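Asker: Just need the structure, nothing else, for what follows:
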Amino acid sequence: MDDALQQRIRKLITDHRVVLFMKGTKHFPQCGFSGAVVHALNATGAKFETVNVLADPAIREGIKEFAQWPTIPQLYVAGEFVGGADIVRDLATKGELVSLLRSAGAVDAS
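Answerer: Here you go, the predicted structure:
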């Protein structure tokens, strides 16, 4: 991956407390896995941004290399890679997702 693409990805991750690289948008997910993560995030009340990898082939391939993770969606919280759909669903089921998002300031503490 070239430096410019790596910097673009890093900026997206650092500019947003919670960012989901996904197929589609949070308002219109275009795959079931992306939709499942959006649903889990919405259930927590978290504020989050999405990056539609279908709109940018360089980001679509680059994010996989960046995280050393072969699939999309990919969730980042407070600049750190959390995981894909299965990991996010597991965290949500255990009640750990809301705690993670709250500690990052993406969910109200109330």
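Asker: any idea how far residue 104 is from residue 98?
Answerer: Distance, residue 98 to residue 104, using Cβ to Cβ, to the nearest Å: 11 Å. The C-beta positions use only the backbone N, C-alpha and C, and glycine is treated the same way.
Asker: my bad, should have said residue 10
Answerer: 17 Å.
Asker: Name the residue in those two with the higher neighbour count.
Answerer: Between residue 10 and residue 104, counted using other Cβ atoms under 10 Å, the more crowded position is residue 104 (17 against 12).
Asker: Next up, the contacts around the more buried one.
Answerer: Contacts for residue 104 (Cβ atoms under 8 Å, 6 or more residues apart in numbering) come out as 17-18, 77-78.
Asker: Sort out for me which of the residues you listed are in strands.
Answerer: Secondary structure defined by DSSP state E assigns 18, 77 of the contacts of residue 104 to strands.
Asker: out of everything not next to it in sequence, what's closest to residue 24?
Answerer: Nearest residue to residue 24, sequence neighbours excluded (Cβ to Cβ, 6 or more residues apart in numbering): residue 30, at 3.3 Å.
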